[in-house]
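Visitor: I'd like to go over a predicted model; first the sequence, then the structure.
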Amino acid sequence: MSRVVAGPWAAQTLSDLGAEVIKIERLDSGDDTRGWGPPYLTPRDSAPARDSAYFLSANRGKKSLAIDIATPEGQALIRRLSQQCDVLIENYKVGDLARYGLGYEELRATHPGLIYCSITGFGQTGPLRQVAGYDFVIQGMGGLMSLTGERDDVAGGGPQKVGVPVADLMTGMYASVAILAALAHRSQTGTGQYIDLALLDVQVAMVSALSMNYFVTGRVPGRWGNAHPNIVPYQVFRASDGEVVLAVGNDAQFAKLCEALGCNYAEDPRFAKNRDRVEHRAVLIELLTAQLALRSVREWVDLLTPLGVPIGAINSLAQVFEHPQVVARGMQVEVSHPLADKLPLVSSPLKLSETPAVRPVAPPTLGQHTHEVLRDWLGLSDQELAELAAARVIG
């Protein structure tokens, strides 16, 4: 019972791991992201496009039920379905589902093993609990944008959001971890539990080391663009034909870099240790910038990679999915879709030896499985389904 990104991302991860996921959607419009385009999936029969690429990215492997939750009949169907489920994921505003008799306390009264995961912008407690939260706002409020982007004294400086909705995505990942932990607890005790996840909490947590920098020093960290506040050299450099990421994480790697460059920087007391390099960052970066501009991206990658110096090109998505390593790992697959002969999808990155991720199944069209699931799970007859559809309870 979630929409947009965080909840659907959690459910998609569970689907990759073999869970049967039933997605409850609104009649007619469905998940908000179905309309977040263009681009949209183009149907093979030239029918009007309804499903955006955005929706397709977070809903593989699910079954879609279109149910009007505002009707007593729709609420009853969801209540009956929930009694047969292990987990319910929802991202309604605080208290909304309780108004329909679908809150945690109501459902666990007859299903004590239910795991109920609520995802909101700000959580179930606190002064902002009733406020809707969106990833962009959360990136700002949670400190990420104060740390992302070029410094104010550099051209183009200022706060930037991350190019993908990381607060949503990370909340989805935290949700899937919490759900799996709750399932493990239930296997030992038979008892379900309530999970309260907030985008803001997750954003605050994922600032990670920079929060500790602040706690330890009392100094508020700022933006470093493509550089690192604690490691040097660890940033983007311009090669002769493009840009390259150099991420030297320790002194041994720095020595290897200097060996490849044919210089003695590693023996210079200003640069020998990482703490020295951080202190003399400006001088070292100027020296390395001049050196790295002399060869192409490909030359630097081919030279430094065998030496164990972390380096990589900045790839476009076209280059990503053509990269031999990405191809070898099977990160793009094609599946059939009800509206298209072939639909490319990103595969799950989870590689488990005994319980591998299932092969991706196309995201569902709106209400694609409504009759199937209500027939198979609740035993509704064709006559009952027809009556519910005629009354606009289901789609």
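Guide: Noted; the coordinates are in hand.
Visitor: Run a quick neighbour tally on residue 233.
Guide: 24 (other Cβ atoms under 10 Å). All C-beta spots, glycine's among them, are computed from the backbone N, C-alpha and C.
Visitor: Pull the contacting residues for the closest residue to residue 247 other than its chain neighbours.
Guide: Leaving aside its chain neighbours, residue 247 sits nearest to residue 310 (4.2 Å; criterion: Cβ to Cβ, 6 or more residues apart in numbering). By Cβ atoms under 8 Å, 6 or more residues apart in numbering, the residues touching residue 310 are 246-249, 253.
Visitor: what about stretch 241-248, distance to the chain center?
Guide: Centre-to-centre, stretch 241-248 and its host chain are 26 Å apart (Cα atoms, centre = their mean, to the nearest Å).
Visitor: now stretch 210-228
Guide: 24 Å.
Visitor: For that stretch, C-alpha coordinates in PDB please.
Guide: Provided in PDB are the C-alpha atoms of stretch 210-228 (Å, rounded to 0.1, in the frame of the first residue of the first chain):
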ATOM      1  CA  LEU A 210      30.500  13.800   8.000                       C
ATOM      2  CA  SER A 211      28.300  13.800  11.100                       C
ATOM      3  CA  MET A 212      31.100  12.400  13.100                       C
ATOM      4  CA  ASN A 213      33.500  15.000  11.700                       C
ATOM      5  CA  TYR A 214      31.100  17.600  13.100                       C
ATOM      6  CA  PHE A 215      30.700  15.800  16.500                       C
ATOM      7  CA  VAL A 216      34.400  15.400  16.900                       C
ATOM      8  CA  THR A 217      35.500  18.900  15.900                       C
ATOM      9  CA  GLY A 218      32.400  21.100  16.500                       C
ATOM     10  CA  ARG A 219      32.900  22.600  13.000                       C
ATOM     11  CA  VAL A 220      30.100  22.400  10.500                       C
ATOM     12  CA  PRO A 221      31.400  20.800   7.300                       C
ATOM     13  CA  GLY A 222      30.800  22.400   4.000                       C
ATOM     14  CA  ARG A 223      30.700  21.400   0.300                       C
ATOM     15  CA  TRP A 224      33.800  20.000  -1.400                       C
ATOM     16  CA  GLY A 225      32.400  19.400  -4.900                       C
ATOM     17  CA  ASN A 226      34.100  16.400  -6.300                       C
ATOM     18  CA  ALA A 227      36.800  16.400  -3.700                       C
ATOM     19  CA  HIS A 228      36.900  14.600  -0.300                       C
END
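Visitor: Residue 253 versus the residue nearest to residue 247, what's the distance?
Guide: Distance check for residue 310 against residue 253: by Cβ to Cβ, to the nearest Å, it reads 7 Å.
Visitor: Repeat that for residue 303.
Guide: From residue 303 to residue 253 the distance is 14 Å (Cβ to Cβ).
Visitor: What of residue 192?
Guide: Distance from residue 192 to residue 253, by Cβ to Cβ: 48 Å.
Visitor: coming back round to it: quick one: least confident of the contacts of residue 310?
Guide: In terms of pLDDT, residue 249 ranks lowest among the contacts of residue 310, with 94.
Visitor: how about the residue lying closest to residue 59 once chain neighbours are set aside, what does it touch?
Guide: Nearest non-adjacent residue to residue 59, counting by Cβ to Cβ, 6+ apart: residue 363, 3.9 Å away. Taking Cβ under 8 Å, 6+ apart as the criterion, residue 363 is in contact with 51, 55-56, 59-62, 337.
Visitor: so what pLDDT did residue 80 get?
Guide: 97.
Visitor: likewise residue 157?
Guide: 89.
Visitor: And for the one 4 residues further on?
Guide: As predicted, residue 161 sits at a pLDDT of 95.
Visitor: tell me the contacts of it?
Guide: 136, 139-140, 144-145, 148.
Visitor: of these, closest to residue 26?
Guide: Distance ranking of these against residue 26, using Cβ to Cβ, places residue 136 first at 23.2 Å.
Visitor: so the residue lying closest to that closest one once chain neighbours are set aside is in which element?
Guide: Counting by Cβ to Cβ, 6+ apart, residue 136 lies nearest to residue 161, which is 5.8 Å off, once chain neighbours are set aside. Following DSSP states H and E, there is no helix or strand that holds residue 161.
Visitor: who's more crowded, residue 303 and residue 253?
Guide: Between residue 303 and residue 253, counted using other Cβ under 10 Å, the more crowded position is residue 253 (19 against 15).
Visitor: That one contacts residue 311, doesn't it?
Guide: No: the criterion here is Cβ atoms under 8 Å, and residue 253 misses it with residue 311 at 9.9 Å.
Visitor: ranges for the strands of the stretch 51-200 of the chain?
Guide: 62-66, 87-90, 115-120, 193-198 (DSSP state E, counting those that start in this stretch).
Visitor: now the ones you listed as CSV including mean pLDDT and mean neighbour count?
Guide: As requested, the strands of the stretch 51-200 of the chain are arranged in CSV below (pLDDT from 0 to 100; neighbours: other Cβ atoms under 10 Å):
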stretch, mean pLDDT, mean neighbour count
strand 62-66, 98, 22
strand 87-90, 98, 22
strand 115-120, 98, 26
strand 193-198, 98, 20
